[in-house]
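J.: Sharing a model that was predicted from the sequence below.
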Amino acid sequence: MPVALVTGISGQDGSYLAESLLADGYEVHGVVRNSTEENLAALGSPAKLTLHAVDLLAPDALESLLRDVRPDELYSLAAVSSVAASWNDPVMTGAINGQVVVRLLDAAHRLQEEHGHPVRVLHASSAEIFGQVAETPQRETTAIRPSSPYGASKAYAHLSVGVFRGRGLHASNTILYNHESPRRPEAFVTRKITASVARISRGLQAGLELGNLDARRDWGWAPDYVEAMRLAARAPEAGDFIVATGVSHTISDFLDAAFARVGIDDWSSLVSVNPAFVRPVDPAEQLGDASRARDVLGWSPSVDFETLVARMVEHDLELLDA
Ligand code: NAP
C-alpha cells in the first residue's frame, strides 16, 4: 500500500488532500501541532490515517519521522499561509515556510540516498513568489521577485525544490494561485466576505469593512488544486507547475457574486473601505497560465468563479441555520 506524509494536514488543502489520498487507497500520515483540527473532523477516524504531533522546528524531528514513516509521497503544505500574517512575524514565516521545507527536502534526499527509499516531494509554492508581476499572465518562467515576507519565504523553498531536483530527488512545485472553499478561515478576504454576507442577509451583521476592492485575483476551487498536487507528485518527471484558472476577478466582483446569492443587488451601502486593510505592496493583479499543468499533468479546473462563491455563501448560510 502506498504511503503519503502530509505536513499542514489540518489546513484547508491538507484536509482535502488527506481525503483524496485515503480515497486512493493510501496509508496517510499527517503532521499536526496542538491546535484545532476541525477540518479533519470531516474525515472521521479512518484506520489508514495516522496523525503525528511533531514540532516542525525541532532539530532532527522531521528526519526521524521520515525514517519511521518511509513515505512514497511527501506533501509539504504547512505554512504561515497569509501575506498579512507574514508581515506580523517575518522570522517565523521564514522558518516554517522556508527552512522547514529545506529540512524536508534534505531528509527525503537522505532517505533516498542513504536508505534506498525513493520519495517524491511536492511543495505548495505560491503565486506570491512573483510579487509585483513582471508579466501577465504569469508562467513558470516569470521572474521571481517577491514583495512580502510570505512571498520571499515561498521563493526560498521553491528554489530549494529545484536545487534538490538537480540532486536526483523527484521534487516538484505547484505554484498555487488563490484557491478557496468553505474550509478557508475568516482571516482570508473571500471567507470574510461570504461569512459576512450570510450574516448580513439574516440581519445579524450591519456591514463589512474591506481593503482594496480593485485588487484582482485568480480564484479557484481548493479540491481542484489539491488534485494538481497529486498529479504533480505522480508525474513521470518532476517540475514546476502553475495551478490557476486563467481568469481573474476583482474583490468587487466577488462581492457582486456573494451578495447576489442572497438576493442583494446593490451592496454599496453595506461595504466600506478601511485603509487599515489596504496593503500597499500587494500585487494589483495575479493571473496564472496553467498550460503546462494542462499539457503535462492533464489538469484543469472544474469549478467556475460564480459556483465557487455560491458554494461558500451557501455553506455559511447553512452554518447559521445549524
Ligand atoms: P492553511 O489552511 O492556513 O493551512 C496551513 C497549515 O499549516 C495548517 O495545517 C497549519 O496548522 C500549518 N501550520 C502553520 N503554521 C505552523 C507551525 N508553526 N507549525 C506547524 N504547522 C503549522 O493553508 P492552505 O490554504 O491549506 O494552504 C496550503 C499550502 O498552500 C500552504 O503552504 C500555503 O502557503 C500554500 N498556498 C495556498 C494558497 C491558497 O490560496 N490557499 C495559495 C498559494 C499557496 P494548524 O492547523 O495547527 O494551524
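T.: Alright, I've got the coordinates.
J.: For Gly211, which non-adjacent residue is closest in space?
T.: Closest residue to Gly211 apart from its sequence neighbours, by Cβ to Cβ, 6 or more residues apart in numbering: Phe277 at 3.3 Å. All C-beta spots, glycine's among them, are computed from the backbone N, C-alpha and C.
J.: what's the neighbour count on that neighbour?
T.: Counted with other Cβ atoms under 10 Å, the neighbours of Phe277 add up to 13.
J.: which phi and psi does it have?
T.: For Phe277, the backbone dihedrals are phi -90, psi 0 (criterion: degrees, to the nearest 10).
J.: so what's it up against?
T.: By Cβ atoms under 8 Å, 6 or more residues apart in numbering, the contact list for Phe277 reads 209-212.
J.: Of those residues, grab the buried ones for PyMOL.
T.: The command below creates a PyMOL selection of those among these that count as buried (16 or more other Cβ atoms under 10 Å):
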select buried, resi 210+211+212
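J.: from the contacts of Phe277, which ones fall inside strands?
T.: Judged by DSSP state E, these include 209-210 as members of strands.
J.: Kindly reformat the contacts of Phe277 as a markdown table containing distance to the ligand and pLDDT.
T.: Supplementary listing: the contacts of Phe277 in a markdown table, determined by distance: Cβ to the nearest ligand atom, whole Å; pLDDT from 0 to 100:
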| residue | distance to the ligand | pLDDT |
| --- | --- | --- |
| Glu209 | 22 | 96 |
| Leu210 | 17 | 95 |
| Gly211 | 17 | 91 |
| Asn212 | 17 | 90 |
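J.: Check which residues of the helix or strand of the chain with the lowest mean pLDDT are buried.
T.: Lowest mean confidence among the helices and strands of the chain (mean pLDDT, DSSP states H and E): helix 38-41, at a mean of 75. Within helix 38-41, the residues that qualify as buried are 39-40, counting by 16+ other Cβ under 10 Å.
J.: ditto for stretch 166-177
T.: Neighbour counts over stretch 166-177 (16+ other Cβ under 10 Å) mark 169-177 as buried.
J.: ok, those residues vs Asp13, which is closest?
T.: For the buried residues of stretch 166-177, the residue nearest Asp13 by Cβ to Cβ is Leu176; the value is 8.2 Å.
J.: and the residue lying closest to the closest one once chain neighbours are set aside, what does it touch?
T.: Setting aside the residues directly before and after it, Leu176 is nearest to Val243 in space (Cβ to Cβ, 6+ apart), at 5.1 Å. By Cβ under 8 Å, 6+ apart, the contact set of Val243 is 174-177, 179, 220, 225, 228, 288, 290, 293, 299.
J.: go on, Val32?
T.: So Val32 contacts 9-10, 51-54 (Cβ under 8 Å, 6+ apart).
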